[in-house]
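In: okay, sequence plus prediction incoming.
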Amino acid sequence: MGKDPRLLLQEGLAHHRAGRIEAAAAAYRQVLKLLPRQFDALNLLGVCLAQSGRGAEARAMLDRALAVNPGHAGAHGNRGNVRKMLGDLAGALADFDRAIALAPTQAETHGNRANILHLLGRADEALASYDRAIALRPDHPDPHFNRGGALKDLGRIEAAVEAYDRAIALRPAYVEAHYNRGNALAELGRPAEALASYDRALALKPDHAEALVNRGNALQALDRFAEALDSYDRALALKPDRVESLSNRGNALCELGRRDEALASYDRALALAGAAAPGEIHYGRAKVLKALGRSAEAVGAYDAALARRPDHAEAWLNRGIVLADLDRFAEALDSFERAIALDPALAEAHGNRGNALKQLGRAEEALPCYAAALALKPDFAESYSNQGNALYDLGRFEAALASYDRALALKPDFAEGYSNRGNVLKELGRRDAALADFDRALALRPDYADAAWNKALCQLQAGAWAEGWAGYEARWRCGALRRVRRDFVQPQWRGEDFAGRTLLLHAEQGLGDTLQFCRFVPLVAARGGRVVLEAERSLLPLLATLAGGAELIAKGAPLPDFDLHCPLLSLPLALGTTLATLPAAPAYLAADPARLAAWRQRLGPAPARRIGLAWSGNPAHRNDRNRSLPLALFAPLLTAGLELISLQKEIRPADRPALAALSGLRHFGPDLTDFADTAALCALCDAVVSVDTSVAHLAGALGRPTWLLLPRHNVDWRWLLDRTDSPWYPSVTLARQTEPGDWAGLIAALAARL
């Protein structure tokens with residue numbers, strides 16, 4: 001005889017309680033062979049199949065059970081669980097509702113119904129079901145735990161923490177409750193308490209990778225970056241390919257200054273995530289590229305971050321900052337404006353928008369930006385300092401000084417504030433105070449290149465050349481020059497003997513600098529050895545007249561082999577140049593005789609005293625607004641009975657009407673093919689009148705009588721202080737404004753003298 005079905009059912013239940021699921025299922029199947037419609041066996045076998053992960057079979061078995069006994073609440077509840085497993089949330093909810101209708105006091109069913117509602121995004125309804133489950137069975141921790149999740153989704157984070165606390169009080173070893181409590185506390189901005197919760201979860205379950213990652217996040221929020229890194233490393237030991245761990249590890253490494261390792265961590269995260277990589281990884285990578293000085297790559301990384309999250313205001317802000325580092329100020333301005341549109345309360349975006357406008361020559365427009373930043377963040381020392389910079393550019397030095405003072409009162413260790421204040425003190429004639437500020441900046445930041453350079457410019461302007469030339473080397477660590485530095489493997493020449501070797505001298509900065517500092521080439525050549533001078537192609541015909549026999553090569557052409565190199569503006573340092581030893585021959589360049597003859601024939605006899613005129617320089621020059629002038633201002637020279645010769649190759653659009661109106665001004669424009677043509681014109685003039693641009697250096701190097709028009713403030717260091725003559729050029733007279741901005745008065749006085 002076979003076994004009694006009742007005994008088989010009892011045997012299955014015993015196996016089931018002991019966790020022997022397959023053995024229990026086998027016993028239930030034997031019951032069903034004997035009694036195919038035995039309800040308990042059908043119901044319990046459905047549960048076993050569900051526990052074995054065989055959802056479709058479990059669903060079919062429970063359907064059979066409910067066909068036998070449609071009014072059984074437990075079977076509806078079991079089928080609801082299976083439907084949830086299969087992703088049929090609406091069906092699961094219907095089953096739990098039926099189960100509750102049949103047995104309203106079953107706490108577990110209310111809890112399961114709440115879970116489905118939560119998954120369906122109906123958190124408010126879920127909360128009511130959790131509350132019913134808790135009312136029926138207040139000592140059961142799971143509804144409290146799940147209730148915490150619903151509250152968190154509803155934004156009621158404090159209440160969620162209380163729910164997790166209740167779950168933990170009922171089950172102190174409830175790992176996920178400790179973990180989720182930590183997440184809620186982190187969201188509330190309480191990282192120290194969150195850390196304690198993660199630590200408790202990990203004490204109970206040391207291999208909880210998610211808790212290790214979020215523990216690292218809490219430690220980062222507490223600025224405990226080394227400990228955070230350890231937490232991420234432990235998480236990665238458990239799950240080496242976890243993208244979030246690698247990304248957050250990169251954040252910690254970046255904060256620790258281990259930027260190359262941080263970049264490698266971000267790159268590994270991106271390789272694993274592929275196209276699905278979240279914007280936060282690209283954002284973190286962009287920040288570390290920025291810190292590494294790889295600004296162009298950082299822009300690309302910010303673009304990738306913003307492609308995934310276009311509403312990330314901080315990413316737009318930081319993208320603008322790296323674009324500004326690349327001197328792409330118009331694009332930077334657009335980025336800052338996007339950041340402000342997304343987050344009008346982002347003070348840093350307003351301040352940086354002001355910086356971009358200032359760099360674009362729109363200092364007056366920049367001032368309201370700093371005001372907006374300071375309204376949002378009254379203790380924003382950097383914005384006071386940058387406001388001072390805009391005021392400085394506008395010639396409002398006393399107001400700039402007050403702004404710098406405010407910045408330093410807020411932030412006494414602000415190196416940039418001291419350096420900027422030093423610049424305005426220099427313009428106000430308080431040079432000792434200016435030098436003291438530069439020294440304070442350098443004491444705070446010994447590697448602060450801008451402060452070292454500003455100090456050097458102050459010293460050079462005051463004639464303290466021994467110290468100034470040494471400090472001037474800091475230019476290669478500043479702004480745009482930092483990006484164009486020639487990093488040759490050959491060493492820089494420092495003035496030592498180089499007989500039998502080749503020395504490459506290379507031009508830097510503007511055309512005027514090349515014309516001014518090429519004077520040192522004969523002195524260098526006299527020390528023996530081969531000298532090669534690399535310079536702008538447009539200057540080569542003129543530089544061919546320089547003494548010393550240096551070989552000339554155009555910038556961009558292949559370089560010959562050489563042993564040493566030296567930038568042109570480093571020659572005074574190498575040669576130990578002082579005011580007393582400055583080579584200042586009356587003329588050290590000469591106009592080409594053939595071009596001189598051609599231009600003499602073209603100009604014809606002079607009907608009056610012939611004056612060459614240069615009124616504007618490079619519009620991209622940082623001080624252009626203080627040195628270039630509108631052509632219309634020079635009309636008094638025409639009424640003085642002079643013949644005016646334009647020495648400008650390019651005419652700015654704003655000057656074209658004046659050029660057409662000043663019929664006595666002869667302009668040759670495109671016919672000035674290079675500086676040899678301009679030199680010939682200068683040589684044929686009785687005198688040259690020029691603003692501070694390359695033409696002034698050309699005329700001085702040719703020994704032509706020259707009037708150099710200088711502003712009252714923001715005068716370049718090379719023209720020294722309060723002098724009307726120049727040790728650089730014996731033929732040059734320095735005509736300085738007596739009042740800031742009074743170019744008309746200066747030109748009228750000059751017209752009378754000419």
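Out: Arrived safely, thanks for sending. Residues are numbered from 1 along each chain as shown.

In: other SSEs contacting the helix or strand of the chain with the lowest mean pLDDT?
Out: Ranked by mean pLDDT, DSSP states H and E, the helix or strand of the chain with the weakest confidence is helix 479-484, at a mean of 79. Helices and strands touching helix 479-484, as assessed by 3 or more Cβ pairs under 8 Å, 6 or more residues apart in numbering; DSSP states H and E, are absent. Any C-beta I mention is one placed from the backbone N, CA and C, and that applies to glycine too.

In: how about the helices in the stretch 301-450 of the chain?
Out: 313-325, 329-342, 347-359, 363-376, 381-393, 397-410, 415-427, 431-444, 449-461 (DSSP state H, counting those that start in this stretch).

In: for the nearest residue to Ser385 once chain neighbours are set aside, give me the pLDDT.
Out: Excluding the flanking residues, the one nearest Ser385 by Cβ to Cβ, 6 or more residues apart in numbering is Ala407, at 4.2 Å. Model confidence at Ala407, given as pLDDT, is 97.

In: which helix or strand contains the residue lying closest to Gly495 once chain neighbours are set aside?
Out: With sequence-adjacent residues excluded and distances taken as Cβ to Cβ, 6+ apart, Gly495 is closest to Ala574, at 4.0 Å. Secondary structure from DSSP states H and E places Ala574 in helix 571-575.

In: from the chain's centroid, how far away is that helix?
Out: In terms of Cα atoms, centre = their mean, to the nearest Å, the centre of helix 571-575 is set 36 Å apart from its chain centre.

In: got the buried residues for the least confident helix or strand of the chain?
Out: Within helix 479-484, the residues that count as buried by 16 or more other Cβ atoms under 10 Å are Leu481.

In: can you tell me the average pLDDT over the helix or strand following it?
Out: As assigned by DSSP H and E, the chain's next helix or strand after helix 479-484 is strand 502-506. Computed over strand 502-506, the mean pLDDT rounds to 97.

In: and for stretch 331-345?
Out: In the prediction, stretch 331-345 has an average pLDDT of 97.

In: stretch 662-678 now?
Out: Averaging pLDDT along stretch 662-678 gives 88.

In: tell me the domain boundaries of the chain?
Out: Domain assignment for the chain by automatic domain parsing gives 5-220, 486-575, 593-753.

In: among those domains, which is the most enclosed?
Out: Mean neighbour count, computed with mean count of other Cβ atoms under 10 Å, is highest for domain 5-220 among those, reaching a mean of 19.

In: my guess is Arg113 contacts Asp131, does it?
Out: No - between Arg113 and Asp131 there is no contact under Cβ atoms under 8 Å: 11.9 Å.

In: how much space between the residue nearest to Gly495 and Gln490?
Out: To Gln490, Ala574 is 15 Å away according to Cβ to Cβ, to the nearest Å.

In: how about Ile645, secondary structure?
Out: Classification of Ile645 by DSSP: H, G, I helix; E, B strand; the rest coil places it in strand.

In: and what of the one 5 residues further on?
Out: Each residue gets one of three states, and Glu650 gets coil by three-state DSSP.

In: could you find the closest non-adjacent residue to it?
Out: Nearest residue to Glu650, sequence neighbours excluded (Cβ to Cβ, 6+ apart): Gly669, at 7.6 Å.

In: show me the contacts for that neighbour.
Out: Gly669 is in contact with 646, 648-651, counting by Cβ atoms under 8 Å, 6 or more residues apart in numbering.

In: so where's the stretch 451-600 of the chain shaky on pLDDT?
Out: Scanning the stretch 451-600 of the chain for pLDDT under 70 picks out nothing.

In: do the same with the stretch 601-750 of the chain
Out: For the stretch 601-750 of the chain, the ranges with pLDDT under 70 are 620-622, 624.

In: which ones are touching Gly250?
Out: Gly250 neighbours (Cβ under 8 Å, 6+ apart): 262-263, 265-266, 269, 281, 284-285, 288.

In: contacting residues around the residue lying closest to Asp674 once chain neighbours are set aside?
Out: In space, Asp674 comes closest to Ser538 once its chain neighbours are excluded; the distance is 4.3 Å by Cβ to Cβ, 6+ apart. Counting by Cβ under 8 Å, 6+ apart, Ser538 makes contact with 511, 674-675.

In: tabulate those (a markdown table), appending distance to Ala752.
Out: Output for the contacts of Ser538, formatted as a markdown table (distance: Cβ to Cβ, whole Å):
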| residue | distance to Ala752 |
| --- | --- |
| Leu511 | 31 |
| Asp674 | 35 |
| Phe675 | 31 |
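
In: possible to save those residues as CSV with secondary structure?
Out: Formatted as CSV, the contacts of Ser538 follow (three-state DSSP):
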residue, secondary structure
Leu511, helix
Asp674, coil
Phe675, helix
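
In: residues contacting the residue nearest to Gly495?
Out: 493-495, 524, 566.

In: from Glu496, how far off is it?
Out: Computed as Cβ to Cβ, the Ala574 to Glu496 distance reads 9 Å.

In: one step back: would you format the helices of the stretch 301-450 of the chain as CSV with distance to Gln38 and mean neighbour count included?
Out: Converted to CSV, the helices of the stretch 301-450 of the chain look like this (distance: least, Cβ to Cβ, whole Å; neighbours: other Cβ atoms under 10 Å):
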stretch, distance to Gln38, mean neighbour count
helix 313-325, 64, 23
helix 329-342, 65, 20
helix 347-359, 72, 25
helix 363-376, 74, 19
helix 381-393, 80, 25
helix 397-410, 83, 20
helix 415-427, 85, 25
helix 431-444, 86, 19
helix 449-461, 88, 23
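
In: looking at those helices, which is nearest to Leu212?
Out: helix 313-325 (26.4 Å; Cβ to Cβ).

In: now do the closest one: everything it contacts.
Out: Outside helix 313-325, the residues that touch it by Cβ under 8 Å, 6+ apart are 279, 283, 286-287, 290, 295, 298-299, 302-303, 305-306, 309, 329, 331-336, 338-339, 342-343, 346, 348-349, 352-353, 355-356, 359.

In: tell me how many other residues crowd the residue nearest to Ala330 when sequence neighbours are not counted.
Out: Distances taken as Cβ to Cβ, 6+ apart place Leu360 nearest to Ala330, at 6.6 Å, with adjacent residues excluded. By the criterion of other Cβ atoms under 10 Å, Leu360 has 14 neighbours.

In: for Leu360, what are its contacts?
Out: Applying Cβ under 8 Å, 6+ apart, the residues near Leu360 are 329-330, 333.

In: just those now: which is nearest Arg430?
Out: Of these, the one sitting nearest to Arg430 (Cβ to Cβ) turns out to be Phe329, at 30.8 Å.

In: spatially nearest residue to that closest one (excluding sequence neighbours)?
Out: Computed as Cβ to Cβ, 6+ apart, the closest residue to Phe329 that is not its neighbour in sequence is Gln359, at 4.4 Å.

In: which residues of the stretch 551-700 of the chain fall in strands?
Out: 551-554, 564-567, 610-614, 643-646, 665-666, 687-691 (DSSP state E, counting those that start in this stretch).
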